[in-house]
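> The sequence and its predicted three-dimensional model are supplied below.
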Amino acid sequence: MLSWRTPMVKYKRGFLLYCICIAAACFGVHFLGGPGRASSGEFTTPRLQQTYGSIPLHFMENRGQLDSQVKFHAQGPGYGLFFTSQGVVLAGWVPPEARGRPGAAVIKISPEGQALASLRPETPLPGKINYLLGNDPRKWRTQVPAYAAVRYHEVFPGIDLKFYGTGPQVEYDLIIKPRAEPSQAKFRVDGVWALEITPEGDLAMRLPRGGSLVQKKPVIYQEIAGRQVAREGKFKILDEGLSYGFELAAYDRSFPLIIDPRINYSTFLGGGSDDQGLAIAVDAGGNAYVTGQTFSVGFPVTRVEDSIFFPEVFVTKINPKGKGLAFSVFLGGKGAEAGTGIAVDGGSNVYVTGWTDSLDFPVKNAFQPTKNPGVDAFVAKLNPSGSDLVFSTFLGGTGDDRAAGLALTAAGQATVAGTTNSDDFPVANAAQAINLGGTAAFVTRLDASGNSLVFSTFLGGSKNDEGHALAVDGGGNTYVTGATTSLNFPTKNAFQGNNLGAQNAFVTKLGPAGGLVFSTFLGGNSTDIGRGIAVNLMGQAFVTGDTTSLNFPVKTAFQGFKRGGRDAFVTRLAAAGNSLIFSTFLGGSNNDQGFAISVSGTSQTTVVGVTSSFDFPVRSAVQRVFRGSTDAFVTRLSANGRSLVYSTFLGGQKDDQAQGVALLPPALTTAFVTGITNSFDFPIRSAFQPSIRGGNDVFVTRINP
């Protein structure tokens, strides 16, 4: 049995897996508590409807997305597993902590004197995988099937070798059929210095760069009359020194015998396999759409060093019950990229934005078909099955340009915001046509075809300015937030006309044609950063972020003072932008940050982020106790900002943070949350995979009011 934890990973390059709680991984569900209300009639006890654990391990058929030697592929944290006709290849990256020199490691396990010609998949899984990799559509591979297991038949006469997933682990069984001879089972290991049997009976495979992969002493058993009967046996190193077999005690040869070794792949953990869920959207049917960044290991064609990590964009659609994938898409080129914003329209087309440094990032019907020097933003539209691009375009100048968020107009026009240091970032109908400083925020709206600009503008002063999030209302107005160190950041009809600190948040509204409607600083005398923004039906902007300012502006606040080194904040502006409806700190005695925000039809505000405060305010909580070095939080504020509807920690014993939130239409009360966790005990409920895979995993959690 091979055992390793597998994160949400990507193909070509691999395959995408995640831990939603899916918490992102994933849903199904029972109440954690009955509904409850405070005397005010506004407080409720939320239900952890689903925390989708990681998507079950997939064995992907190779239809040209990998080298032709590979028939099937699975992806783990820090390594890839490749199934060929000659053997099983494990390629991974050994980090410095593995008691050796960092670098790639490749191990091949093959049967002595046999060719593994008969390799077949078992148990098809729902959903398809689409590989939109590179700028040649002829090389894209779509509707690729995935399976729960693969089996080598007759690897030796009467002996099968089956690989499958159990929870987050890849495992293998050696299945010895009745009256077959187990002494035939001999495996050669290439790519290691030596094989050793430890005093505990484990098989240690010593790596050239230091460290070991260890196969635990095998579990050996037979199924007889519905019972599992244990049998005795152990590893045996054969005369060649780099081959092993098994020494078995007597057993009943009229029944199959299962030999189940477990391989510990912890040597590869931390080898660059961190995956991040950065944004989430949800459609009216309850399907969740998540994007972010995922890593996989490439197949080593000629050299060990060919086995490297490829960070790419993933886009995954999870079905309403959270029990499986509708599709996953890997989007990228030969460089690095990440997805940072996502939206879905009424026709189930999916829009994604982010950044890339790949010259061969896939483009189609593009406004900007070629990448400039540095990092460029991108904007892409996928068809409803995720199998093709409707359009995809670079967006940037000759510096670095990174999109941070995306929102749609009613007409299907993608609007993105981010940060650029390019003086020649493309502009059109601009409120500000030039970059006045080092970095500037940008706001760009593409037409529905994706091949021209409706408007595009810089937004900044003479120092450094960053665009972190945006929202679009029903009239096509755009609301942007971020941070600025510029004293001359553009303001108009402002609640706060001056930058009071080292860095203040800003909130800016642009009209449908890109003109400046209002723009205001928001902050105190220290550091304040706007990270998330939403807008209600009345055109009132809701902003979250974090502040170190004691005098951050507050009004009718749930929490009127800063409690820690850094607190989250939640602010509701009047529609004109020149006054506050409410503004409140949100935090405990340590550090707290708000990363994303959504607003319901009744103007209740759902905020998510990260906290290291054990005393972060909670009410009617799914998880009342702080458990890790950092936990995610999910907080719903009343419409007037004075009270909590509910507030909960969400996390395990290590590090967890929520990065995105979306509300289920049309009621806009059920929250879908995505983020990042490396906690093995992240709270999972009714998940299709109940544990994380390793490194950092994506989580997706659904919380009902």
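That came through, no problem.
> On the three-state scheme, the residue nearest to the spatial centre of the chain is what?
By CA atoms, centre = their mean, the chain has its centre lying nearest to Gly277, at 2.6 Å. Classification of Gly277 by DSSP: H, G, I helix; E, B strand; the rest coil places it in strand.
> so it sits right up against Phe699, yeah?
Yes - counting by CB atoms under 8 Å, Gly277 touches Phe699, with 6.6 Å between them. The C-beta positions use only the backbone N, C-alpha and C, and glycine is treated the same way.
> thinking again about what came up before, tell me the predicted confidence for the residue nearest to the centre of the chain.
In this model, Gly277 is scored at 86, pLDDT.
> pretty sure Glu466 contacts Thr484?
Yes - using CB under 8 Å, Glu466 is in contact with Thr484, at 7.5 Å.
> Beta-bridge partners for the residue nearest to the centre of the chain, please?
Gly292 (DSSP bridges).
> one step back: looking at Glu466 and Thr484, which is more packed in?
Set Glu466 next to Thr484 and count neighbours by other CB atoms under 10 Å: Thr484 wins out with 30 against 25.
> thinking again about what came up before, look up how far Asn287 lies from the residue nearest to the centre of the chain.
Gly277 sits 15 Å away from Asn287, going by CB to CB, to the nearest Å.
> Now Pro182: phi and psi?
phi -70, psi -20 (degrees, to the nearest 10).
> Quick check: closest non-adjacent residue to it.
Sequence neighbours aside, Ile176 is the residue nearest to Pro182 in space, at 5.1 Å (criterion: CB to CB, 6 or more residues apart in numbering).
> any chance you could map the strands in the stretch 201-350 of the chain?
203-206, 212-224, 227-230, 233-237, 243-248, 257-264, 276-282, 288-297, 309-318, 325-332, 337-344, 350-356 (DSSP state E, counting those that start in this stretch).
> Surely Ile581 touches Leu573?
Yes - with contacts counted by CB under 8 Å, Ile581 reaches Leu573, the gap being 6.9 Å.
> anything in contact with each of these two?
Common contact partners of Ile581 and Leu573 (CB atoms under 8 Å, 6 or more residues apart in numbering): Gln540.
> okay, these two: which has more neighbours?
Comparing Ile581 with Leu573 by other CB under 10 Å, the one with more neighbours is Leu573, at 26 against 19.
> who's the more buried one bridged to?
According to DSSP bridges, beta-bridge pairing links Leu573 with Leu580.
> Report the contact partners of it.
Phe495, Val507, Thr520, Gln540, Ala541, Phe542, Val543, Ser579, Leu580, Ile581.
> hmm, 10 Å instead?
Residues in contact with Leu573 (CB atoms under 10 Å, 6 or more residues apart in numbering) are 479, 495, 507, 509, 518, 520, 522, 533, 535, 539-543, 579-583.
> Ser118 now?
Counted by CB under 10 Å, 6+ apart, Ser118 has contacts Ser85, Arg151, Tyr152, His153, Glu154, Val155, Asp160.
> Quick check on those: which are buried?
Arg151, Tyr152, Val155, Asp160 (16 or more other CB atoms under 10 Å).
> Could you give the number of residues near Ser254?
9.
> Is the closest residue to it other than its chain neighbours in a helix, a strand, or coil?
Leaving out its chain neighbours, the residue that sits closest to Ser254 by CB to CB, 6+ apart is Pro178, at 5.4 Å. Put simply, Pro178 is coil when judged by three-state DSSP.
> quick one: contacts for Pro178?
Gly158, Gln222, Asp252, Arg253, Ser254, Phe255, Pro256, Leu257.
> For those, which entry has the maximal number of neighbours?
Most surrounded of these: other CB under 10 Å gives Leu257, at 24 neighbours.
> Is it bridged to anything, and to what?
Residues in beta-bridge contact with Leu257 (DSSP bridges): Ile176.
> Return the per-residue confidence for it.
98.
> Make sure it is actually in contact with Ile176.
Yes - here Leu257 reaches Ile176: they are 4.2 Å apart, a contact under CB atoms under 10 Å.
> what do the two both touch?
Joint contacts of Leu257 and Ile176 (CB under 10 Å, 6+ apart) are Ile159, Pro182, Ile220, Gln222, Phe246, Leu248, Tyr251.
> Lovely, talk soon.
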